[in-house]
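# I'd like to go over a predicted model; first the sequence, then the structure.
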Amino acid sequence: MTGRQSLRATIAQMRPRMRPRMRPLRLAVGLLATALAAAARVDAQADPRVGLHAGWKDAGEAASNLVLIGHGAKPEGFYNPADLGDFGYLDSDLAFNGNYVFQGNFHGLQIWDVSNPSNPTLRTTMVCPGGQGDPSVYGTLMFISVEETRGRTDCGTQGVKDTVSTERFRGVRIYDIHDLDHPKLITAVQTCRGSHTHTLVPDPKDAGILYVYVSGTSPVRPGAELPGCSSAAPDVDPNTSLFRIEVIRVPLASPQDAKVVSSPRIFADAKTGAVNGLAKPINAGDSMHTTAGTDQCHDITAYPAIGLAAGACSGNGILLDIRNPSQPKRIGEVSDPNFAYWHSATFSNDGDKVLFTDEWGGGVAPRCRASDPIKWGADAIFTRTGGTMKLAGFFKMPAPQTEMENCVAHNGSLIPVPGRDIMAQGWYQGGVSVFDFTDAAHPKEIAFFDRGPMDSTKLVIAGYWSAYWYNGHLYGSEIGRGLDIFDLKASAFLSQNEIDAAKLVRFDRSNPSDQQKLVWPASFVVARAYLDQLVRGQGVKPDESAGIAKDLDAAEQLSGGARKSALNKLASRLDHDASGAADAARIRALAATVKDLANA
């Protein structure tokens, strides 16, 4: 999401794709793409999401295989009754710790107690304006991104008028949250471009050190305000604050000593060393669809278990080696003319795929209309081998939205269904979409929830900033309405065993840009989830699947040595049958699960 309306002139400068010119050839190509998109989405007109009536608290709703079980309404003071789309009060991203959900807001922070997911209760609010306020949590520390020029060192609401001021804060705030009712500011680390988002990366060799990757997307602040900052082009100033990220080192035993320790040039040309070595703007004269140049990262998703991070960096998607987290190194990059602004990234659990999102229109425009190309404002799914990424397919929320609904791909996470790559994702006023991208070339939606627009006469910014799975439920941050909590419903696309297997994966905490390895405990429900997948995909014959189900049921009734023997016998048969089977890989995964059960 871009910044406040007062910053839109800055954003226009920052994202050249919004320049107000269009070449005749580009117009013709755009019209052709529009016609093709409209033809491709004709079938979606029957979708129940189409034509929902508008409203704030009473908008129409449509759902498929998702059930809304809990809702926490935006508290007083965190919205402007006179302007429900006021950028100063939009809800933003989520972080999770224990039974608490930390919900960012451009005005501050809300902490929800979700011990009872059907009745989330507001535990704490904290007023501290300064931008979208994305939170992360690590132990008893909380990190908050601050980017806007109105951000103050004292969290005041009056803003900062002077161009250069000691009162201004732009960077990352670090809080002690031992007392959830009274978060205590420990320190605030200033950075040259502020912090639009940030990413936590633990040191793999020192459990006492945490690194914070800072992604700044706003203009560089004056050097007179923060020494060392420079907005000059690299050929004018080789130390420019553009074309880099900033890395903060946090000693966990003394977080007050947190400081910027490096500014990696992750966009540099490997051969020439030029810091501006990646994509230049594409179609710069096209007011409808310009691909941004690369001088910043919007989001970096770290996956420490595989030593990699994926950066969504304005004009490129990049891969980073983070085994030395203070000095991340780029090992691969991709670009695509269909993407206007590379926004966020998600790895498949095995790391063999990387999904990037395109925030075409900056999150404030209607980009899911029937006339909008299905490859614009979508997800691009790449297969990965080492540092090489190969485009496999695109996914876009399929139901056409109206002119009054800001809609584009935004933030989401994996749902831990064993054997499948399933993701939940927020699409602003396009709602929440759950889709399967196991077959990267043919992703398929399997569940959704959507509301009608906030207003039927004008576009009021709202909808789902993000949708994340956490410990058995799906949580959605609704920009204009609050916090929503969903349960998945069994369907032809997803069995109850698969849902129950997903619920077995538990974490103490979860942050938007800190991807954790999904590991399933030895369980009969995990084995049955694999069997359901084999049946659905016709990976085994009906009589074989019936025999496997019968043997699993029988073994579950046994105990001790008898159970172990029965399971080992079944595992051996599965391993033998995998050779030449239609879905050998899934049969082997089932066999491995059965072996784990035997040894449990």
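Yep, it's here.
# what count of nearby residues applies to the residue nearest to residue 299 when sequence neighbours are not counted?
Distance criterion C-beta to C-beta, 6 or more residues apart in numbering; nearest residue to residue 299, sequence neighbours excluded, is residue 344 at 4.1 Å. C-beta here means a position set from N, CA and C on the backbone, and glycine is covered the same way. Neighbour count of residue 344, defined by other C-beta atoms under 10 Å: 27.
# repeat for residue 518
18.
# now do the same contact list for it.
349, 414, 416, 505 (C-beta atoms under 8 Å, 6 or more residues apart in numbering).
# ok so, going back, wait, a helix at the residue nearest to residue 299?
No: remark: residue 344 does not belong to a helix; assigned using DSSP: H, G, I helix; E, B strand; the rest coil, it is strand.
# next secondary structure element downstream of whichever helix in the chain runs longest?
Ordering each helix of the chain by length in residues (DSSP state H) puts helix 560-578 first. Per DSSP states H and E, the first helix or strand lying C-terminal to helix 560-578 is helix 584-599.
# buried residues, that following helix. List them.
Residues 586-591, 593-598 are the ones in helix 584-599 that count as buried (16 or more other C-beta atoms under 10 Å).
# local confidence estimate at the residue sitting nearest the centre point of the chain?
Centroid-nearest residue in the chain: residue 411, 3.1 Å away (criterion: C-alpha atoms, centre = their mean). pLDDT recorded at residue 411 is 98.
# related to what we said a few turns ago, what comes into contact with the longest helix of the chain?
With C-beta under 8 Å, 6+ apart as the criterion, helix 560-578 contacts 540, 544, 548, 551-552, 554-556, 558, 584, 587-588, 590-592, 594-595, 597-599.
# buried set for that helix?
Neighbour-count burial for helix 560-578 [16+ other C-beta under 10 Å]: 563-564, 566-568, 570-571, 573-575, 577-578.
# got it, and stretch 90-110?
Of the residues in stretch 90-110, those buried (16+ other C-beta under 10 Å) are 90-97, 100-110.
# now it: average pLDDT?
Throughout stretch 90-110, pLDDT has a mean value of 98.
# I'd like to know how far the nearest residue to residue 232 once chain neighbours are set aside sits from residue 278.
Spatially, and ignoring its direct neighbours in sequence, residue 232 is nearest to residue 240 (5.2 Å; C-beta to C-beta, 6+ apart). Using C-beta to C-beta, to the nearest Å, residue 240 is found at 15 Å from residue 278.
# what ranges does this protein have for its helices?
Counting by DSSP H, the helices of the chain are 8-14, 24-40, 496-502, 524-536, 542-556, 560-578, 584-599.
# and the fourth one, what other elements does it pack with?
The one in question is helix 524-536. Here helix 524-536 touches helix 496-502, helix 542-556, helix 584-599, going by 3 or more C-beta pairs under 8 Å, 6 or more residues apart in numbering; DSSP states H and E.
# what is the longest one packed up against?
The reference is to helix 584-599. Using 3+ C-beta pairs under 8 Å, 6+ apart: helix 584-599 touches helix 524-536, helix 542-556, helix 560-578.
# from the chain's centroid, how far away is stretch 535-543?
34 Å (C-alpha atoms, centre = their mean, to the nearest Å).
# give me the pLDDT value at residue 283.
For residue 283, pLDDT reads 81.
# repeat for the one 4 residues further on
Turning to residue 287, the model gives it a pLDDT of 77.
# what is the burial count for it?
16.
# just use 14 as the starting number from now, easier for me
Will do, 14 is the new start, and the previous item becomes residue 300.
# could you measure from it over to residue 378?
Residue 300 is 12 Å from residue 378, by C-beta to C-beta.
# cool, and residue 339?
38 Å.
# quick one, which of those two is more surrounded?
Set residue 339 next to residue 378 and count neighbours by other C-beta under 10 Å: residue 378 wins out with 21 against 15.
# circling back to that earlier point, tell me which of the contacts of residue 531 is nearest to residue 97?
Taking C-beta to C-beta as the measure, residue 97 lies nearest residue 427 of those, at 31.9 Å.
# pretty sure that closest one is touching residue 361, no?
Yes: contact criterion C-beta atoms under 8 Å: residue 427 and residue 361 qualify, at 7.5 Å.
# joint contacts of those two?
In contact with both residue 427 and residue 361: residue 434, using C-beta under 8 Å, 6+ apart.
# in the stretch 264-413 of the chain, what residue spans correspond to strands?
Ranges of strands within the stretch 264-413 of the chain are 272-275, 312-316, 321-326, 329-334, 342-347, 355-360, 366-371, 392-398, 401-408, based on DSSP state E, counting those that start in this stretch.
# nearest to residue 211, out of the ones you listed?
strand 312-316 (8.5 Å).
# and that closest one with strand 321-326, angle?
Orientation check (axes from the mean of the first three to the mean of the last three C-alpha atoms, to 10 degrees): strand 312-316 against strand 321-326 gives 170 degrees.
# and strand 312-316, what does it pack onto?
strand 210-215, strand 222-228, strand 321-326, strand 355-360.
# rerun that using 6 Å as the cut-off
Applying 3 or more C-beta pairs under 6 Å, 6 or more residues apart in numbering; DSSP states H and E, one finds that strand 312-316 contacts strand 210-215, strand 321-326, strand 355-360.
# now those strands in TSV, with mean pLDDT and distance to residue 444?
TSV is the format used below for the helices and strands packed on strand 312-316 (pLDDT from 0 to 100; distance: least, C-beta to C-beta, whole Å):
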stretch	mean pLDDT	distance to residue 444
strand 210-215	98	23
strand 321-326	98	22
strand 355-360	98	18
